[in-house]
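> Compute the structure for the input listed below.
(6 chains)
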6 protein chains.
Amino acid sequence: MAVTILLADDESLLLLDFEQALTEAGYRVVAVTSGKRALEVLEAAELVVNGVVTDIQFREPPDGWDVARAARVANPAIAIVYMSGNSAIDWASKGVPNSIMLEKPFAMAQLVTAISQLLNGRSIEPTPP
Amino acid sequence: MAVTILLADDESLLLLDFEQALTEAGYRVVAVTSGKRALEVLEAAELVVNGVVTDIQFREPPDGWDVARAARVANPAIAIVYMSGNSAIDWASKGVPNSIMLEKPFAMAQLVTAISQLLNGRSIEPTPP
Amino acid sequence: MAVTILLADDESLLLLDFEQALTEAGYRVVAVTSGKRALEVLEAAELVVNGVVTDIQFREPPDGWDVARAARVANPAIAIVYMSGNSAIDWASKGVPNSIMLEKPFAMAQLVTAISQLLNGRSIEPTPP
Amino acid sequence: MAVTILLADDESLLLLDFEQALTEAGYRVVAVTSGKRALEVLEAAELVVNGVVTDIQFREPPDGWDVARAARVANPAIAIVYMSGNSAIDWASKGVPNSIMLEKPFAMAQLVTAISQLLNGRSIEPTPP
Amino acid sequence: MAVTILLADDESLLLLDFEQALTEAGYRVVAVTSGKRALEVLEAAELVVNGVVTDIQFREPPDGWDVARAARVANPAIAIVYMSGNSAIDWASKGVPNSIMLEKPFAMAQLVTAISQLLNGRSIEPTPP
Amino acid sequence: MAVTILLADDESLLLLDFEQALTEAGYRVVAVTSGKRALEVLEAAELVVNGVVTDIQFREPPDGWDVARAARVANPAIAIVYMSGNSAIDWASKGVPNSIMLEKPFAMAQLVTAISQLLNGRSIEPTPP
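Take a look at the predicted model:
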């Protein structure tokens, strides 16, 4: 049993770096290279996803904003971290609540801290019975 | 000069209560009864809006989620408070970052505290030059 | 329909001041003068309590710490505000998470802001489905 | 016994408005019209000040930044709210930690919420024995 | 000199994993396998404990809730992280303020981030003189 | 391209430890041994600094408080972490907003978490257009 993070980025080299950082941090990582594949993973009933780390822009729709919204529809408590080189300004209008936007470039520690903070934060607010 | 709040709700009696509470709190309130009117106010160049307090469901589109996104596109720092009787569960997927969802019924002090907290909070995080 | 606050303090004059402040803020207040009565209200099935504002020391057990824990067992999301003249130091060990300790004397605005912040805060953290 | 706020602003009409809002909120207010007078009040041993609400610019030194630092030297836990029409940008470099900057114009509810939040917040973080 | 974390878990393999993660993070770890031993360490005058990371259920009393309360009585500012497989729901009523509940399974980075956040957070709130 | 942290400490051995921890966390580190050198780096137009990690006391002025203020004047959004063995009490009066004070001794994970939290936090608050 493990904490599963869905990681989506279409830049293969970056994807490998992020996957390694999250794996070393103790997360089980499911890495995909498109928003389309990310949605397929979220829809796959056999897998519980605890957090999503997604790039914003992909070669084709859906984009990272869509992926995050779909993930929250499936699980309102799922942790969301966005990564972007030039879409950070859109976060205020297109992001979901309690998400973190990491502007590229960022240090691997920022990524690990961001997803860990959000996952830990779920216990900070009591939840209705 | 004053701090202007755009208030949108299609239930006239509630609208009057909210308007009175915000006015007594010292805000200048622009009250409208539909999402469509809310967007028109946001697009009106002559008026600076500092915060939006909006119901979710209106008799016709746009809904409160759309109003908030449009407001954030125009001003990424604008304060957003949603009010809803039965759409609170959608906040996690349809809300914008740094917004507050008030589930009806709520006390007037919750509304005033929510918008005031968000407006004050803008100064808590330093902003890029 | 209204937001209901259970208010417990055995100093009658203070109780009236707090009750008036919360009522003017738009809350429905159920005021009691002992921890014992507070527990009876929490156990009364016909009443939904959204928040508890309680003194710490009463003439006889249970004390305010006990009242808050019982309220959270019944509803893990209930808002808790403690009021105390000399027990604030015990809050770190006897208080519940996401509660606020108001040291007497405090201004009425602190009481209204405290309970409103906590009630609003429940929507800030997404909740599991 | 009461919660005492030191209020400093050299615009007499504003000072009266702020004093009335804080007094109605339940605070005892000591109003002064210069940073110099504010420091004198802070140095007056017979008065315990729980919070400071200060304008930034005065006709002569010290300015509001100096007043806040002096207040924090005397009491590291004192609540600080700055008010400014055009110095908000300096808050990030000249403000003290855990303070709030209110940019003029602001609604009275923002002022009351700001000082109340900060005073309540002191109990949120446990303090060393 | 170092930052000392008291770690309590009666599952030996997990205890070793947690101890290694915290040690690699730079903490000095005192690992024990029961709540009883944890209390003995807290009572041992020669050792300063800065944070407690504790399982909830042990083979015999005291449980993790008791350990945390005792630690806070000795030091109101001590950082508390709870770990649990099935008692997370009790955190809202049995946990102490400013603590974090980690639900098993969790990634090692969540544990390190949780205790580090709490230790860093002590400096975020000013403390009375 | 990388995230650059300006690190200032006049204790060479500590400086090396901190530099290694931050480098392993994925940050580009510019290490200096005095406040004077730190200011020179901040003034060097060719280098963008995203965060400052500074000791408080140096053999000669400027001290760490001065370095942080200068950094915030140049960039109001820059992340600030102070490290101190005995000046923590001054943080409330001499520190800048949204900074973290690490009291020595601290674990390396606290340093990495502190700077990462602050850098991530900049995206949590929307910024004016």
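
> how about stretch A:7-25 as PDB, C-alpha atoms only?
Coordinates of each C-alpha in stretch A:7-25 appear next as PDB, following Å, rounded to 0.1, in the frame of the first residue of the first chain:
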ATOM      1  CA  LEU A   7       2.300  12.900 -12.600                       C
ATOM      2  CA  ALA A   8       1.600  14.400 -16.100                       C
ATOM      3  CA  ASP A   9       4.100  16.300 -18.200                       C
ATOM      4  CA  ASP A  10       4.800  16.000 -21.900                       C
ATOM      5  CA  GLU A  11       8.500  16.900 -21.600                       C
ATOM      6  CA  SER A  12      10.000  13.400 -21.100                       C
ATOM      7  CA  LEU A  13      13.300  14.600 -19.500                       C
ATOM      8  CA  LEU A  14      11.400  16.700 -17.000                       C
ATOM      9  CA  LEU A  15       9.000  13.900 -16.400                       C
ATOM     10  CA  LEU A  16      11.800  11.600 -15.400                       C
ATOM     11  CA  ASP A  17      13.300  14.100 -13.000                       C
ATOM     12  CA  PHE A  18      10.000  14.800 -11.300                       C
ATOM     13  CA  GLU A  19       9.200  11.000 -11.100                       C
ATOM     14  CA  GLN A  20      12.600  10.300  -9.500                       C
ATOM     15  CA  ALA A  21      12.200  13.100  -7.000                       C
ATOM     16  CA  LEU A  22       8.700  12.000  -6.000                       C
ATOM     17  CA  THR A  23       9.800   8.300  -5.800                       C
ATOM     18  CA  GLU A  24      12.700   9.100  -3.600                       C
ATOM     19  CA  ALA A  25      10.300  11.000  -1.400                       C
END
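
> Show me the contact partners of it.
With contact meaning CB atoms under 8 Å, 6 or more residues apart in numbering or on different chains, stretch A:7-25 is reached by A:5, A:29-35, A:37-38, A:52-55, A:58-59, A:64, A:67, A:83, A:108, A:111-112, A:115-116, E:107-109, F:26. The way it works is simple: take the backbone N, C-alpha and C, and place the C-beta from them, glycine included.

> Identify each buried residue in it, please.
In terms of neighbour count (16 or more other CB atoms under 10 Å in any protein chain shown), stretch A:7-25 has its buried residues at A:Leu7, A:Ala8, A:Asp9, A:Asp10, A:Leu15, A:Phe18, A:Glu19, A:Ala21, A:Leu22, A:Ala25.

> try stretch A:68-76
A:Ala68, A:Arg69, A:Ala70, A:Ala71, A:Arg72, A:Val73, A:Asn75, A:Pro76.

> Just name whatever secondary elements the strand or helix carrying the second one is in contact with.
With elements delineated by DSSP states H and E, A:Arg69 resides in helix A:64-74, which encompasses its position. In this structure, helix A:64-74 makes packing contacts with strand A:4-8, helix A:35-43, strand A:51-55, strand A:79-84, helix B:91-94, judged by 3 or more CB pairs under 8 Å, 6 or more residues apart in numbering or on different chains; DSSP states H and E.

> now those in CSV, with mean pLDDT and distance to A:Trp91?
CSV is the format used below for the helices and strands packed on helix A:64-74 (pLDDT from 0 to 100; distance: least, CB to CB, whole Å):
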stretch, mean pLDDT, distance to A:Trp91
strand A:4-8, 98, 16
helix A:35-43, 96, 16
strand A:51-55, 98, 12
strand A:79-84, 97, 6
helix B:91-94, 97, 15
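
> Looking at those, which is nearest to E:Gly95?
For E:Gly95, the closest of these is strand A:79-84, at 20.7 Å, according to CB to CB.

> residues in chain A within reach of chain B, list them.
For chain A, the residues found near chain B under the criterion CB under 8 Å from any CB of the partner chain are A:69-70, A:72-73, A:76-77, A:89, A:91-99.

> Can you pick out the most distant pair from these?
Maximum pairwise distance among the residues of chain A next to chain B (CB to CB): 26.9 Å, between A:Ala77 and A:Ile89.

> higher neighbour count, the two?
More crowded of A:Ala77 and A:Ile89, by other CB atoms under 10 Å in any protein chain shown: A:Ala77, with 19 against 16.

> Would you double-check that that one falls in a strand?
No: applying DSSP: H, G, I helix; E, B strand; the rest coil, one finds A:Ala77 to be coil, outside a strand.

> I'd guessed it sits against B:Ile89; true?
No: using CB atoms under 8 Å, A:Ala77 is not in contact with B:Ile89; the gap is 11.4 Å.

> what's the neighbour count on A:Arg59?
A:Arg59: 9 surrounding residues under other CB under 10 Å.

> right, and the secondary structure at it would be what?
coil.

> show me the contacts for it.
The contact partners of A:Arg59, taken as CB under 8 Å, 6+ apart, are A:Asp10, A:Ser34.

> Quick check: it vs chain E, distance?
A:Arg59 sits 30 Å away from chain E, going by CB to the nearest CB, to the nearest Å.

> and if you look at A:Ala88?
23 Å.

> Would you confirm that that residue contacts A:Met101?
Yes: under the criterion of CB under 8 Å, A:Ala88 makes contact with A:Met101 at 5.4 Å.

> Neighbour count for these two, which is higher?
Remark: of A:Ala88 and A:Met101, A:Met101 carries more neighbours, 25 against 20, as counted by other CB under 10 Å.

> need the contact list for A:Ala31.
The contact partners of A:Ala31, by CB under 8 Å, 6+ apart, come to A:Leu7, A:Ala8, A:Asp9, A:Leu15, A:Phe18, A:Glu19.

> just checking, the fifth one is part of a helix?
Yes: membership of A:Phe18 in a helix is supported by three-state DSSP.

> Is it possible to get CSV of the contacts of A:Ala31 that adds distance to C:Ala44?
Formatted as CSV, the contacts of A:Ala31 follow (distance: CB to CB, whole Å):
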residue, distance to C:Ala44
A:Leu7, 50
A:Ala8, 50
A:Asp9, 54
A:Leu15, 56
A:Phe18, 53
A:Glu19, 54
